[in-house]
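> fold the following and give me the result.
(one chain, ligands or ions: 2)
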Amino acid sequence: MCCMNRHCRELPEIRLVLLGGRNSGKSSAGNIILGRAAFQIDTRSMECVWAQSETGEKRIMVVDTPGWDYFQAEPVQQQVKQQLASSLHLCRPGPHAFLLVIPIDSEVLLKKVEAHMELLGSYGWDYTLVLFTCGDRLQHSTIEEHIESRGRALKSLTEKCGNRIHVLNSYEKQDRSQVNKLLDKIENMAGTRSRSYYHIRLWQHEQEHTGESKRDKEEGAGNRGFPGMRESATYIQWCEKEDKLF
Ligand SMILES: Nc1nc2c(ncn2[C@@H]2O[C@H](COP(=O)(O)OP(=O)(O)O)[C@@H](O)[C@H]2O)c(=O)[nH]1
Ligand SMILES: [Mg+2]
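Ligands and ions are numbered 1, 2, ... in the order given. Just a heads-up that it's a prediction; the model follows:
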């Protein structure tokens, strides 16, 4: 049964992509969500991998990614783009949510995170939830108090994600309620948007569009590409048309 919120859209399948820095706890979080050791922990992986589980009548599919190296020289590496493309292909037609994984006590490098997230296009944020790992380190404060106490960067990041946040504690693997609450939040996200998942075609368009914008700038020809206005009628019509392809 879905949560009682009127926006909640019950989904028979939930597809998720784990994003974030290396060692942020992505694979551990994936294992908690799936309820089994599907992904290797503490391993410097090079490729995206997927795994799935059935819980009740719901199928959960998770794509684990190698993760970002925030200390690489800018601009965002080609490797990261390839990772994103590969993660989206693995969960076609697209994920219901990107889980932006951040250890609860880590310093948020806002500009770096933004630079990586921008690859998804401006609407990427609408499909993102900040997933805090290492919930055991939260101690006696609530997550909201913690965010307030950590300063501007973390607050801005959660705001960009529409204040969609969740805390996981990998020491409480048996606690399925932490996963059920997360899934409720994802179904709630799906219910409040015009479309329930980030369509892989959005990514493809974003790639073509940014390429085109660059070329346009160079040629001084103005912007010919996809409008990029997430709630515009054009966008919704475009998505509906694209849906027929899958
Ligand atoms: N204390 C604590 N450590 C965690 C938690 N989740 C992950 N870790 C540790 O963080 C390290 C990196 O985890 P991993 O899942 O491999 O990160 P990834 O590189 O982002 O996939 C591992 O040593 C985990 O045991 C948590 O909830 N609490
Ligand atoms: Mg990993």
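> is V62 located within a strand, as I assumed?
Yes. The assignment for V62, made by DSSP: H, G, I helix; E, B strand; the rest coil, places it in a strand.
> so it touches G30, yeah?
Yes. Counting by Cβ atoms under 8 Å, V62 does reach G30; the two are 4.6 Å apart. Quick note: C-beta positions are derived from backbone N, CA and C, even for glycine.
> find residues that contact each of these two.
Contact criterion Cβ atoms under 8 Å, 6 or more residues apart in numbering; residues shared by V62 and G30: 18, 38-39, 51.
> and which of those is nearest R193?
Of all the shared contacts of V62 and G30, R193 sits closest to L18, with 20.1 Å by Cβ to Cβ.
> can I assume the closest one sits in a strand?
Yes. Counting by three-state DSSP, L18 is found in a strand.
> please parse the protein into its domains.
Structural domains assigned to the chain are 13-192, 200-243, following automatic domain parsing.
> buried deepest among these, which one?
domain 13-192 (a mean of 18; mean count of other Cβ atoms under 10 Å).
> contacting residues around the spatially closest residue to S24 that is not a sequence neighbour?
Across the structure, with Cβ to Cβ, 6 or more residues apart in numbering as the measure, the residue nearest S24 apart from its sequence neighbours is V101 (4.6 Å). In this structure, V101 makes contact with 18-21, 24-26, 29, 131, 133, judged by Cβ under 8 Å, 6+ apart.
> how close does V101 sit to E10?
Separation of V101 from E10 (Cβ to Cβ, to the nearest Å): 25 Å.
> then V108?
Computed as Cβ to Cβ, the V108 to E10 distance reads 33 Å.
> for the most centrally placed residue in the chain, what is the enclosing helix or strand?
Nearest to the mean C-alpha position of the chain, by Cα atoms, centre = their mean, lies F98 at 1.3 Å. F98 is located in strand 97-103, with elements delineated by DSSP states H and E.
> got the contact list for the following helix or strand past that strand?
Per DSSP H and E, the first helix or strand lying C-terminal to strand 97-103 is helix 110-117. Counting contacts by Cβ under 8 Å, 6+ apart, the residues outside helix 110-117 that touch it are 19, 68, 70, 74-76, 80, 100, 124-125, 128, 153, 156-157, 160.
> same question, stretch 131-138
For stretch 131-138, the surrounding residues in contact (Cβ under 8 Å, 6+ apart) are 18, 24-25, 28-29, 99-105, 143, 146, 165-172, 178, 182.
> near ligand 1, from the residues you listed?
Residues of the contacts of stretch 131-138 in contact with ligand 1 (Cβ under 6 Å from any ligand atom): 24-25, 28, 169-171.
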